[in-house]
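Student: only the shape, not the letters, is given here:
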């Protein structure tokens, strides 16, 4: 064995605390984390009170908090954890049900960074999916990077002639529920064109999130249904575990919902929405990529700009995770990289055909 192989790694690991009422679930999670050299499990707690105390003592980078804790539930525990460790990123783990979805939405509003759907015992492969998603989220939320200088990003030039937008397509994932509300609330009611949204979210969670977006923006929002026409003023959200695409039809343009293969482990996948929107709307589509893990939306953004459309992304400083918007920016597909509030104003100008 080489000397390099014997040398211990000096790379900083993400420190994670687990709070889950189930000893079985804690056991699974402990094994998964201990098998990954990038993560260090600092504590696994079965009671809310213990979890709050240990959070204040250990100051973990990431906390995975069960929404259904006994006694003081996850939603009640959350503010105490945030006070004990203000810089910790909290992931709320909730059962895949309407009640669980409502709890997750409330937790996001109370300061959780992300959520994860707990596996169903009857679903084949659900535990492995949970393992992959959990590890991915812990690492992405726990890593701390220096902000990339804006000057190092090559922005795409504004088109010489700018058409008013006829369709706004938006992609988001980790940190997206809060980002979407911040982005859409000032502008949604001022946009006449249809708005289509892909938020990486499990089935049964999207109806609750559509309702939350409607409350925040004052504009009607619901899950898209197969065959919906793209009427003016529509704001449609991709259903969880279904792809959302734009298709041409004799009456104009409509949306198509399907359960095709995941793209980059994503279903819904923003890439498919963006690609189909570019094919159907050409230079009249505006794409927006917000915070999220991975690269979903990058290939679709390339299709939008190739068709003459426009793409803008959230900046690193205001993103929970700069994976998706960062991939688009670094690939040179974005016209602008801006904080959320500025991004809203710019998107509205683009939809109105104004410059940037």
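Tutor: That came through fine. Bear in mind that the values here come from a model prediction, so they are computed numbers and not experimental data. Numbering: from 1, shown residues only.
Student: read off the pLDDT value for residue 160.
Tutor: For residue 160, the model assigns a pLDDT of 66.
Student: what about the strands in this structure?
Tutor: 14-19, 39-45, 62-66, 89-94, 114-117, 167-172, 195-199, 222-223, 235-237, 243-249, 252-258, 285-289, 310-314, 336-338 (DSSP state E).
Student: which of the ones you listed is buried the deepest?
Tutor: Most buried of the strands of the chain by mean neighbour count (mean count of other CB atoms under 10 Å) is strand 285-289; its value is a mean of 31. In this view, the C-beta of every residue, glycine as well, is placed from N, C-alpha and C.
Student: so can I have TSV of the strands of the chain showing mean pLDDT and distance to residue 154?
Tutor: Output for the strands of the chain, formatted as TSV (pLDDT from 0 to 100; distance: least, CB to CB, whole Å):
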stretch	mean pLDDT	distance to residue 154
strand 14-19	96	31
strand 39-45	96	34
strand 62-66	96	32
strand 89-94	94	30
strand 114-117	90	30
strand 167-172	98	21
strand 195-199	98	25
strand 222-223	96	37
strand 235-237	98	32
strand 243-249	91	28
strand 252-258	90	32
strand 285-289	97	16
strand 310-314	97	13
strand 336-338	96	11
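Student: redo those strands as a markdown table? Include distance to residue 210.
Tutor: Listed next are the strands of the chain as a markdown table, based on distance: least, CB to CB, whole Å:
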| stretch | distance to residue 210 |
| --- | --- |
| strand 14-19 | 29 |
| strand 39-45 | 33 |
| strand 62-66 | 24 |
| strand 89-94 | 17 |
| strand 114-117 | 15 |
| strand 167-172 | 13 |
| strand 195-199 | 9 |
| strand 222-223 | 5 |
| strand 235-237 | 5 |
| strand 243-249 | 13 |
| strand 252-258 | 14 |
| strand 285-289 | 18 |
| strand 310-314 | 21 |
| strand 336-338 | 26 |
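Student: how about the helices in the stretch 101-250 of the chain?
Tutor: With DSSP state H, counting those that start in this stretch as the definition, the stretch 101-250 of the chain shows helices at residue ranges 126-142, 176-184, 206-217.
Student: residue contacts, the most centrally placed residue in the chain?
Tutor: Central residue check for the chain by CA atoms, centre = their mean: the C-alpha nearest the mean position is that of residue 173, 1.1 Å away. Listed by CB atoms under 8 Å, 6 or more residues apart in numbering, the contact partners of residue 173 are 199, 200, 266, 291, 292, 293, 294, 296, 321, 323, 324.
Student: and which of these is nearest residue 335?
Tutor: residue 324 (16.3 Å; CB to CB).
Student: name the stretch among the helices of the stretch 101-250 of the chain that sits most buried.
Tutor: Greatest average neighbour count among the helices of the stretch 101-250 of the chain goes to helix 176-184 (a mean of 23), per mean count of other CB under 10 Å.
Student: grab the nearest non-local neighbour of residue 259.
Tutor: Counting by CB to CB, 6 or more residues apart in numbering, residue 242 is the residue found nearest to residue 259 once chain neighbours are left out, at 5.8 Å.
Student: now do the one you found against residue 24, distance only.
Tutor: The gap separating residue 242 from residue 24 is 30 Å, by CB to CB, to the nearest Å.
Student: before we move on, back to that, dump the contacts of residue 173 into JSON lines; add distance to residue 69 as well.
Tutor: What follows is these, written out as JSON lines (distance: CB to CB, whole Å):
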{"residue": "199", "distance to residue 69": "26"}
{"residue": "200", "distance to residue 69": "25"}
{"residue": "266", "distance to residue 69": "30"}
{"residue": "291", "distance to residue 69": "27"}
{"residue": "292", "distance to residue 69": "27"}
{"residue": "293", "distance to residue 69": "26"}
{"residue": "294", "distance to residue 69": "29"}
{"residue": "296", "distance to residue 69": "32"}
{"residue": "321", "distance to residue 69": "26"}
{"residue": "323", "distance to residue 69": "30"}
{"residue": "324", "distance to residue 69": "31"}
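Student: which of those are buried?
Tutor: 199, 200, 266, 291, 292, 293, 294, 296, 321, 323, 324 (16 or more other CB atoms under 10 Å).
Student: which member of those is positioned nearest residue 35?
Tutor: residue 293 (20.0 Å).
Student: isn't that closest one right up against residue 324?
Tutor: Yes: the pair residue 293 / residue 324 is scored as a contact, 7.2 Å apart, by CB atoms under 8 Å.
Student: out of the buried ones among the contacts of residue 173, which is nearest to residue 216?
Tutor: Looking across these and measuring by CB to CB, the closest to residue 216 is residue 199, at 13.3 Å.
Student: so where's the stretch 251-356 of the chain shaky on pLDDT?
Tutor: For the stretch 251-356 of the chain, the stretches flagged by pLDDT under 70 are 251, 354-356.
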